[in-house]
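Chemist: 3D, please:
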Amino acid sequence: QVQLVESGGGLVQAGGSLRLSCATSGGSFSERGMAWFRQAPGKERECVASITSNGTETWYAPSVKGRFTISRDNATNTLHLQMNSLKPEDTAKYYCANRPAPWSASGRGDYMEWGRGTQVTVSS
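Modeler: Numbers count the residues shown, from 1 in each chain. So this is what the prediction gives:
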């Protein structure tokens, strides 16, 4: 059974940075497209970034493009999200997810397995 465990969240001031990590086990990580989603209270869960299985293609939501960078290390089965220039509106619980296909996607329904999330809070 695949397990995804996020880490790296916390409280940061606006303009600061955080690096999220997602450690995976129990599956063929290098064959799966991966993504980071976030969900703020009262809002829908949204995809902020996705990456193909080999890491050659990425996609970003317009709200984070230029500030966030998704990356993966297939040798260690780890997914990362570098978040710079954080804004209060980035406050949310962040989740990593994988899908049973090598290409990436941005729809919640495209992803099959999810971590439990890590909280990111950005103060103004």
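Chemist: give the buried residues for stretch 109-124.
Modeler: Neighbour counts over stretch 109-124 (16 or more other Cβ atoms under 10 Å) mark 110-111, 113-115, 117-118, 120, 122 as buried. The way it works is simple: take the backbone N, C-alpha and C, and place the C-beta from them, glycine included.
Chemist: centroid-nearest residue for the protein?
Modeler: residue 36 (2.1 Å; Cα atoms, centre = their mean).
Chemist: for whichever strand or helix holds that residue, buried residues please.
Modeler: If you go by DSSP states H and E, residue 36 is part of strand 33-39. For strand 33-39, a neighbour-count test (16+ other Cβ under 10 Å) marks 33-38 as buried.
Chemist: do stretch 12-25 as well
Modeler: Within stretch 12-25, the residues scored as buried using 16+ other Cβ under 10 Å are 12, 18, 20-24.
Chemist: closest to residue 1 among these?
Modeler: residue 24 (11.3 Å; Cβ to Cβ).
Chemist: quick one: the closest one and residue 74 touch, right?
Modeler: No. When contacts are counted by Cβ atoms under 8 Å, residue 24 is not listed as touching residue 74 (10.3 Å).
Chemist: one step back: strands paired with the strand holding residue 36, and their directions?
Modeler: Strand 33-39 sits in its sheet next to strand 46-51 (antiparallel), strand 92-99 (antiparallel), going by DSSP bridges.
Chemist: for the last one, the distance to its chain's centre please.
Modeler: In other words, strand 92-99. Put simply, strand 92-99 sits 5 Å off its chain's centre (Cα atoms, centre = their mean, to the nearest Å).
Chemist: next SSE downstream of that strand?
Modeler: Strand 92-99 is succeeded, C-terminally, by strand 113-114 (DSSP H and E).
Chemist: tabulate the CA atom coordinates of whatever helix or strand comes next after that next one in PDB.
Modeler: Per DSSP H and E, the first helix or strand lying C-terminal to strand 113-114 is strand 118-123. The C-alpha coordinates for strand 118-123 follow below in PDB (Å, rounded to 0.1, in the frame of the first residue of the first chain):
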ATOM      1  CA  THR A 118       0.900  19.700   6.400                       C
ATOM      2  CA  GLN A 119      -0.300  23.100   7.600                       C
ATOM      3  CA  VAL A 120       1.200  26.300   6.200                       C
ATOM      4  CA  THR A 121       0.300  29.500   7.900                       C
ATOM      5  CA  VAL A 122       1.600  32.900   6.500                       C
ATOM      6  CA  SER A 123       1.200  35.900   8.800                       C
END
